[in-house]
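In: here is my input, please return the structure:
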Amino acid sequence: MPTEVELKLSATPAAWAAVRLHRALTEANAGRARSIMIVSRYYDTPALELHQRGIALRLRRRGARWLQTVKGAGDAAAGMHRRTEYEWLLSRAGLDRAKLAETPWAELFAKASGRLAAVFTTEVKRTERALKFGDGTRATLSFDQGAIRAGRKRSPLCEIEIELVEGDARRLYDLALALCADIPLTLAHASKADHGYALATSRPPQPIRAGKVALSPDIAAPHALAAIATDCLGQIGGNAEAMRAGRDGEFLHQLRVGIRRTRSLLKLAAHAQDADEIASIDRGLVALSQVFGPARDWEVFTAGTLAAIAPHVDVQERRGFQRLRLRASRKRRFHRAAMQGEAGSQRFTCLLLALGRFRIGLELAARDPPAAALARDALGASERRLRKRGKRLREADAAARHRVRVAAKKLRYAAEFLAPLFRHAGANAYIDALSSLQGSLGYLNDMTAAARLVDELLATARNDIELSRAAGIVRGWTAAMSARELERLPKSWRQFAKAKPFWN
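Out: Residues are numbered from 1 along each chain as shown. Predicted structure coming up:
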């Protein structure tokens with residue numbers, strides 16, 4: 001099926017002015033820039049049945065020409081969007097329903113035919129130029145500036161698209177990396193259609209969670225890793241885009257999960273790709289964690305731990321406890337601002353671009369070794385590591401429990417990645433037992449972090465009796481909750497210890 005491949009970047013007019021003059025673009029320039037007005041109207045049923053299936057139906061006026069386009073569900077990762085696309089040149093302004101029967105969704109369009117209506121419209125001035133790279137790869141770079149309209153609602157639109165015409169998609173990343181190293185650009189995870197539907201329905205964005213990647217049992221290891229990378233990068237990119245728009249909470253948590261999953265993926269790919277490239281990307285992910293980690297700690301502490309304690313505080317202690325919460329809220333806002341700044345930084349954008357290029361390299365790699373062989377080796381080694389660290393879990397201190405938690409987390413991510421390779425009935429039970437163990441250890445880690453954050457809050461108020469008493473309440477609560485969880489922990493470990501590896 002015909003496939004559209006394009007890399008999307010969010011930009012400002014000032015950034016575009018810098019892009020136009022950038023050496024990386026001028027070196028690849030293969031023609032004069034052209035500008036044209038484009039108006040696109042998107043259609044769907046009142047129940048948005050096309051959107052629910054990941055399908056976009058568009059009627060576009062490009063200058064004096066009319067084009068009808070249907071796009072199928074695809075993937076979006078590290079700014080690169082890949083979707084099945086069917087397009088026809090029309091002789092008049094109006095949907096040609098007969099052509100919809102030429103697509104794989106003919107039955108759906110036939111049922112929806114009499115109910116299709118315009119949902120939203122995009123109006124942009126597009127400036128585009130042809131590009132040709134040294135290896136013969138050809139692409140088109142476009143800058144779109146305008147707006148999305150849905151009824152009386154309007155949202156500005158300003159983005160750069162680099163669409164592959166033919167050749168190696170890594171050249172798109174090479175160009176974007178060169179641009180983003182010098183110019184403040186961010187990756188666009190959502191498409192114009194995504195933005196249009198969000199505007200039309202007024203639906204707030206939802207956190208993007210890890211998906212279950214379908215893998216055939218005979219797939220090659222690099223190709224399996226590429227498919228997993230697509231899901232990991234989609235999780236990072238989608239949640240980062242929402243965070244840049246001012247959201248945190250679960251978006252931050254899911255972004256951190258995406259980062260940790262990606263680091264686990266890199267370890268699996270250590271023998272399949274360039275070690276220096278993997279090490280460089282992993283260092284970048286560690287640097288991100290050093291910003292996002294504290295933001296998440298303060299989020300959990302203020303919105304979770306302190307909120308849970310508040311209803312149980314005696315009247316005499318409420319003033320001091322409220323002062324402690326206010327201090328914690330200020331810390332939370334500080335780290336939230338740092339987190340949002342990082343999610344929009346050139347460092348973050350360049351790291352995601354490097355990951356996107358890495359993913360394409362996996363897709364283009366040779367068809368060996370088999371993924372199942374890699375999975376058995378990696379899962380076996382990871383499980384042995386966890387079982388060794390967990391031998392004395394009952395007597396372990398907080399630092400030792402943390403090491404067990406990290407090992408459990410790594411094994412869980414690898415198991416979730418690779419379980420589809422094995423048609424084994426016990427895979428879900430194994431992962432559930434692992435998740436329960438990780439959850440128990442994670443709760444204990446949150447209680448340990450809470451005690452550390454309380455100490456940080458008191459660092460500049462050691463002689464404040466009121467705050468000290470409030471801190472004592474928090475320490476007492478976390479100690480009690482830890483003791484209760486420690487009683488449950490041996491059961492979680494036994495359940496995992498009994499679980500049989502599904503890859504043998």
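In: ramachandran angles for the residue nearest to residue 424 when sequence neighbours are not counted?
Out: Of all residues not flanking residue 424 in the chain, residue 502 sits nearest, at 4.0 Å (Cβ to Cβ, 6 or more residues apart in numbering). (C-beta placed from N, C-alpha, C; glycine too.) Geometry field for residue 502 lists phi and psi as phi -90, psi -10, criterion degrees, to the nearest 10.
In: quick one: the helices in the stretch 201-350 of the chain?
Out: Here the stretch 201-350 of the chain has its helices, by DSSP state H, counting those that start in this stretch, at 221-244, 250-268, 275-300, 307-309, 318-343, 346-363.
In: of these, which is nearest residue 417?
Out: helix 221-244 (5.0 Å; Cβ to Cβ).
In: packing partners of that closest one?
Out: strand 75-77, strand 186-187, helix 250-268, helix 318-343, helix 346-363, helix 371-389 (3 or more Cβ pairs under 8 Å, 6 or more residues apart in numbering; DSSP states H and E).
In: so which of those is the most packed in?
Out: Each of the helices and strands packed on helix 221-244 was scored by mean neighbour count; the highest is strand 186-187, a mean of 25, by mean count of other Cβ atoms under 10 Å.
In: residue 442: which of the helices and strands packed on helix 221-244 is closest?
Out: Of the helices and strands packed on helix 221-244, the one closest to residue 442 (Cβ to Cβ) turns out to be helix 250-268, at 11.2 Å.
In: what's the angle from that closest one to helix 371-389?
Out: On the basis of axes from the mean of the first three to the mean of the last three Cα atoms, to 10 degrees, helix 250-268 is oriented at 110 degrees to helix 371-389.
In: what about stretch 456-471, start to end distance?
Out: End-to-end distance of stretch 456-471 (Cα to Cα, to the nearest Å): 11 Å.
In: repeat that for stretch 22-35.
Out: Terminal-residue distance, stretch 22-35 (Cα to Cα): 19 Å.
In: who touches that stretch?
Out: Stretch 22-35 is contacted by residues 19-20, 125-133, 138-139, 141, 175, 178-179, 182-183 when judged by Cβ atoms under 8 Å, 6 or more residues apart in numbering.
In: for that stretch, buried residues please.
Out: 24, 25, 28 (16 or more other Cβ atoms under 10 Å).
In: pLDDT score assigned to residue 504?
Out: Residue 504 is assigned 89 on the pLDDT scale.
In: quick check: residue 68 touching residue 102?
Out: No - checked against Cβ atoms under 8 Å, the pair residue 68 and residue 102 is beyond contact range at 10.8 Å.
In: returning to what we had before: quick one: which of the helices of the stretch 201-350 of the chain is nearest residue 399?
Out: Of these, nearest to residue 399 by Cβ to Cβ is helix 275-300, at 16.5 Å.
In: hmm, who's touching the helix or strand that residue 181 is a member of?
Out: Following DSSP states H and E, one finds residue 181 within helix 170-182. Around helix 170-182, the neighbours that count as contacts under Cβ under 8 Å, 6+ apart are 5-7, 9, 18-19, 22-25, 28, 78-80, 131, 133, 135, 137, 139, 141, 162, 164, 185, 346, 349-350, 353-354, 356-357, 360-361, 364.
In: now that helix: average pLDDT?
Out: Rounded mean pLDDT across helix 170-182 is 98.
In: from the chain's centroid, how far away is it?
Out: Centre-to-centre, helix 170-182 and its host chain are 20 Å apart (Cα atoms, centre = their mean, to the nearest Å).
In: and stretch 250-264, by the same measure?
Out: 7 Å.
In: what's in contact with it?
Out: Under Cβ under 8 Å, 6+ apart, the answer for stretch 250-264 is 205, 207-210, 229, 232-233, 235-236, 239-240, 242-243, 282, 285-286, 288-289, 292-293, 295-296, 299, 339, 343, 355, 409-410, 413-414, 417.
In: before we move on, the earlier item: give me the neighbour count for the residue nearest to residue 424.
Out: If you count neighbours by other Cβ atoms under 10 Å, residue 502 ends up with 20.
In: show the contacting residues for it.
Out: Contacts of residue 502 (Cβ under 8 Å, 6+ apart): 415, 419, 422, 424, 426, 427, 430.
In: so which residues of the stretch 1-150 of the chain form strands?
Out: For the stretch 1-150 of the chain, strands defined by DSSP state E, counting those that start in this stretch occupy the ranges 3-10, 34-44, 56-62, 65-71, 75-77, 80-90, 117-132, 138-150.
In: can you tell which of those strands is closest to residue 318?
Out: Going by Cβ to Cβ, the one of these nearest residue 318 is strand 3-10, 45.1 Å.
In: partners of that closest one in the sheet?
Out: Sheet pairing of strand 3-10 (DSSP bridges) gives strand 80-90 (antiparallel), strand 153-166 (antiparallel), strand 186-187 (antiparallel).
In: residues of the longest one that come out buried?
Out: When you say that, I think you mean strand 153-166. Under 16+ other Cβ under 10 Å, the buried positions of strand 153-166 are 157, 158, 159, 160, 161, 162, 163, 164.
In: one more: the first one?
Out: Buried residues in strand 80-90, counting neighbours by 16+ other Cβ under 10 Å, are found at 80, 81, 82, 83, 84, 85, 86, 90.
In: got a list of what the last one touches?
Out: Meaning residue 90. Applying Cβ under 8 Å, 6+ apart, the residues near residue 90 are 59, 66, 67, 68, 96.
In: what bridges to the closest residue to it other than its chain neighbours?
Out: Closest residue to residue 90 apart from its sequence neighbours, by Cβ to Cβ, 6+ apart: residue 66 at 4.2 Å. Listed by DSSP bridges, the beta-bridge partners for residue 66 are residue 61, residue 90.
In: and residue 66, what does it touch?
Out: 59, 60, 89, 90, 91, 92, 93.
In: next one: residue 415
Out: Contacts of residue 415 (Cβ under 8 Å, 6+ apart): 379, 427, 430, 431, 434, 502.
In: what is the burial count for the second one?
Out: Just to be clear, that refers to residue 427. Neighbours around residue 427, by other Cβ under 10 Å: 20.
In: got it, and the third one?
Out: Using other Cβ under 10 Å, residue 430 has 23 neighbouring residues.
In: so it is in contact with residue 503, correct?
Out: No - in terms of Cβ under 8 Å, residue 430 does not count as a neighbour of residue 503; the distance is 9.2 Å.
In: walk me through the domains of the chain.
Out: The chain breaks down into these domains under automatic domain parsing: 3-203, 250-498.
In: how about those in a markdown table, adding distance to residue 217?
Out: Below are the domains of the chain laid out as a markdown table (distance: least, Cβ to Cβ, whole Å):
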| stretch | distance to residue 217 |
| --- | --- |
| domain 3-203 | 22 |
| domain 250-498 | 6 |
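In: wait, what's in contact with the closest residue in space to residue 215 that isn't next to it in sequence?
Out: Spatial nearest neighbour of residue 215, chain neighbours left out: residue 420 (4.3 Å); criterion: Cβ to Cβ, 6+ apart. Contact analysis of residue 420 by Cβ under 8 Å, 6+ apart lists 212, 213, 214, 215.
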